[in-house]
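Visitor: Got a sequence here, can you build the structure:
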Amino acid sequence: MSLVEDLQETAPAEQAAGARRTLAQRLAQRNRLRAERAERLARLHQRPGDAAGPQATAADEDGAALEDFLRALTGGLRSEAPAVQPPPGAVLPFQRPAAEAAPEAPAAASPAQAAPAAAAKTAPDLDRLPGAGPGLVWALERAGLRCLADLAPLAPEDLAARLGPLGRLVPAASWIAAARRAVAEASAA
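Guide: Sure thing, here's the model as predicted:
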């Protein structure tokens, strides 16, 4: 007999009962799987010291032994590491104090070197470059360019060479033009 003939011979009431039984079986299995998952999650999130009775495993006992050892070694467990706060007014290594924003240049050997050094004391900061964020300002400072007056006399190729691989990514010509404008405005003021 084929499946179609078998279905035609069974009464609709019997077919509905079979469908209900199948649905009930699927629902029971789904509920069983959900309960299993909830139990596993509860065991996963359970602290080693919380396990008791037959549910306690060797791993829980090892964890408790480790906690006891740490208490004996350190005098107790710390819940949180203390926050490190620098003393007020302290300057971190990556910060420059406001008084030292433009470092003093050594005595210049020629008047051509004296002009950028004198302008460096009053020169605008590198943050004014279009598109230069803190990372690029840091890279410029690492390349020896502390202010816009240091940047103004350079050629775009020189700036790209000083910055290394990063020099290919920056708009050197527009930065140098902006630095020259800012230095001219600062010297005119």
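
Visitor: So which elements touch the helix or strand in which residue 162 is found?
Guide: Following DSSP states H and E, one finds residue 162 within helix 156-163. Applying 3 or more C-beta pairs under 8 Å, 6 or more residues apart in numbering; DSSP states H and E, one finds that helix 156-163 contacts helix 172-188. Using the backbone N, CA and C atoms, a C-beta is placed for each residue, glycine as well.

Visitor: CA-only coordinates of the helix it packs on in CSV, if you can.
Guide: In CSV, the C-alpha atoms belonging to helix 172-188 read as follows (Å, rounded to 0.1, in the frame of the first residue of the first chain):
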residue,chain,number,x,y,z
ALA,A,172,51.8,67.2,3.2
ALA,A,173,51.4,70.1,0.7
SER,A,174,48.2,71.4,2.3
TRP,A,175,49.6,71.0,5.8
ILE,A,176,52.7,73.0,4.9
ALA,A,177,50.6,75.7,3.3
ALA,A,178,48.4,75.9,6.4
ALA,A,179,51.4,76.1,8.6
ARG,A,180,52.9,78.9,6.5
ARG,A,181,49.6,80.9,6.7
ALA,A,182,49.3,80.4,10.4
VAL,A,183,52.9,81.4,11.0
ALA,A,184,52.4,84.5,8.8
GLU,A,185,49.3,85.4,10.8
ALA,A,186,51.1,84.9,14.1
SER,A,187,54.0,87.1,13.0
ALA,A,188,51.7,89.8,11.7
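
Visitor: in that helix, what counts as buried?
Guide: With burial defined by 16 or more other C-beta atoms under 10 Å, the residues of helix 172-188 counted as buried are 172, 175-176, 178-180, 182-183.

Visitor: As TSV, those with pLDDT and distance to residue 17 would be great.
Guide: Shown next, in TSV, are the buried residues of helix 172-188 (pLDDT from 0 to 100; distance: C-beta to C-beta, whole Å):
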residue	pLDDT	distance to residue 17
172	87	82
175	89	82
176	91	86
178	90	83
179	89	87
180	91	90
182	88	87
183	88	92
